[in-house]
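Peer 1: make a model of this:
(one chain, ligands or ions: 1)
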Amino acid sequence: MELYTIYQQLGVSREVFDRGEAVLARLADRFLEIDRTAEINQAKVLSAMQKNRVGANHFAATTGYGYDDDGRDRLERVYADVFHAPAALVRPQITCGTHALAVALSASLLPGDEVLSPVGAPYDTLQEVIGIRPSPCSLAEYGVRYRQADLTADGGFDYPAIRDAISSRTKLITIQRSKGYATRPSFSVEQIGELIAFCKGMKPDVLVMVDNCYGEFVDVLEPTDVGADMAVGSLIKNPGGGLAPIGGYICGSRECVDRCAYRLSAPGLGQEVGANLGILPAFYQGFFLAPTVVAGALKGAVFAAGLYESLGFRCVPGAEEKRCDIIQAVELGSEAAMCAFCEGIQAAAPVDSFAAPIPGDMPGYDSQVIMAAGAFVQGSSIELSADGPIRPPYAVYFQGGLTWQHAKLGVLLSAQRMADRGLLRL
Ligand SMILES: *Cc1c(COP(=O)(O)O)cnc(C)c1O
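Peer 2: The predicted structure is shown next:
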């Protein structure tokens, strides 16, 4: 059977398909590079599972307090080894990425301490955690002060401003690896390492936390390889491999992770409580699959950038640029184009493919937002999804795809919907 036949059945025209194949023909080297990273990361995960002698008996459910939960404790040692960190906290009781970051911050900061972001404003939801936007129970309410050094005009670190912002009160420095939904660049682990070295050069005892969301397994290094005291993220993004239905992680120094565990459960209890409720098979298997799942998502992002750049749209990062996370922004220039793009992504989904995404109001946003997602796990953004605020430059943020083949179909159908409405010329 010819490949196109199946795409025709899925609603892709010959023109769009051919355009995609032409773009793909130029991406062979990029894909090879992505596969090589996945190969190294897969070996890291396997070696950590073998070293820690993971056995079938470690998948058993525990209930109640969860004392002596060997499967849970062993999974945490597997995470710690992959991140080359002394310790890790990996729990279904951590409800999402924001929660993991809030635990790490509030475990480390005491009244009178200062937290510094040297990379501009942090991710939206963290602004309420810190109290940049007032919120009940924010760190600001507990007397923790916030300082920020903005990036330079070209998206680099403003070292003089960072030097001025570090004081004797600076307890923790928070660095966000992925741009999230901002327009700044994402940072490579190497760049993060340089920033950490600079900050620790100024103040050797300062703690560094890296918001690692969307960055795991994109590189062969993680922030804990370059001096971060904590790397923090969500299991319904990269490291859950699409199988984890909930959860978050914190990898880092023994002291930091202990404090996080005391904050998450209770002082004195720490890591020793927290039943796994039968979730461990998904956590182990998801982590095992994560390197190749991330590779599929990265291929989808590179393909989207290649296709849309060839059609005249600005893409961030560009098709040729190095990837530091799995997010691909495409500036589409109009609300109609954003809607068509998202409808195509939705139509490609395994779940809820029949739904029609429309712009709507969202708490915390001053413009309407459109979202396309047909996911097995609600809100999972390692699964193929696209979203963006309806305002100039009318950019959609495209991410995920549990398989490269699914991401490819999503990208093709997004272009198909736009072509059908005369919103792009092939
Ligand atoms: C997704 C994300 C978060 C928050 O994670 P949630 O799971 O949505 O709470 C924080 N920081 C960055 C950079 C993210 O991408």
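
Peer 1: can we go C-alpha only for contacts and neighbour counts from here?
Peer 2: Fine.

Peer 1: what residues does the stretch 1-150 of the chain have near the ligand?
Peer 2: Counting by Cα under 6 Å from any ligand atom, the residues of the stretch 1-150 of the chain close to the ligand are 96-98, 123.

Peer 1: now what about stretch 78-86, what contacts it?
Peer 2: Among residues not part of stretch 78-86, those counted as contacts by Cα atoms under 8 Å, 6 or more residues apart in numbering are 44-45, 48-49, 52, 87-88, 90, 222, 224-225, 251-254.

Peer 1: and if we set it to 6 Å?
Peer 2: Residues lying outside stretch 78-86 but in contact with it, judged by Cα atoms under 6 Å, 6 or more residues apart in numbering, are 44-45, 48-49, 87-88, 251-254.

Peer 1: same deal with stretch 65-72?
Peer 2: 58, 272-275.

Peer 1: select only the buried ones of those residues in ChimeraX?
Peer 2: The following ChimeraX command selects only the buried members of those, with burial defined by 16 or more other Cα atoms under 10 Å:
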select :58,272,273,274,275
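
Peer 1: between the contacts of stretch 65-72, which is nearest the ligand?
Peer 2: Gly274 (19.9 Å; Cα to the nearest ligand atom).

Peer 1: state whether the closest one is indeed within a helix.
Peer 2: No: with the criterion set as DSSP: H, G, I helix; E, B strand; the rest coil, the secondary structure at Gly274 is coil rather than a helix.

Peer 1: now do the contacts for it.
Peer 2: 65-66.

Peer 1: if I look at it, how far off is Gln285?
Peer 2: Noted for Gly274: a distance of 20 Å to Gln285, by Cα to Cα, to the nearest Å.

Peer 1: same check, this time on Phe303
Peer 2: The spacing between Phe303 and Gln285, counted by Cα to Cα, is 27 Å.

Peer 1: just Ile175 next, same as before
Peer 2: 29 Å.

Peer 1: more neighbours: the two, which one.
Peer 2: The residue with more neighbours, out of Ile175 and Gln285 and counting by other Cα atoms under 10 Å, is Ile175; that gives 25 against 15.

Peer 1: the more buried one against Val210, yeah?
Peer 2: Yes: the pair Ile175 / Val210 is scored as a contact, 4.7 Å apart, by Cα atoms under 6 Å.

Peer 1: just give me the neighbour total for whatever residue of the stretch 201-350 of the chain ends up closest to the ligand.
Peer 2: Sorted by distance to the ligand under Cα to the nearest ligand atom, the residues of the stretch 201-350 of the chain start with Cys213, at 4.7 Å. By the criterion of other Cα under 10 Å, Cys213 has 26 neighbours.

Peer 1: any idea which helix or strand comes after the strand ranked longest in the chain?
Peer 2: Secondary structure of the chain per DSSP state E: the longest strand is strand 170-176. Next along the chain after strand 170-176, taking DSSP states H and E as the criterion, comes helix 189-202.

Peer 1: neighbour-wise, which one of the residues of the stretch 1-150 of the chain next to the ligand leads?
Peer 2: Of these, with other Cα under 10 Å as the count, Gly97 tops at 25 neighbours.

Peer 1: which ones are touching the residue nearest the centre of the chain?
Peer 2: With distances taken as Cα atoms, centre = their mean, the residue of the chain nearest its centroid is Tyr214 (1.7 Å). With contacts defined as Cα under 6 Å, 6+ apart, the neighbours of Tyr214 are 238, 325-326.

Peer 1: so it, which state does it fall into?
Peer 2: Classified using three-state DSSP, Tyr214 is coil.

Peer 1: and it, what pLDDT?
Peer 2: The pLDDT attached to Tyr214 in the predicted structure is 97.

Peer 1: how about the one 5 residues further on?
Peer 2: Asp219 is assigned a predicted lDDT (pLDDT) of 98.
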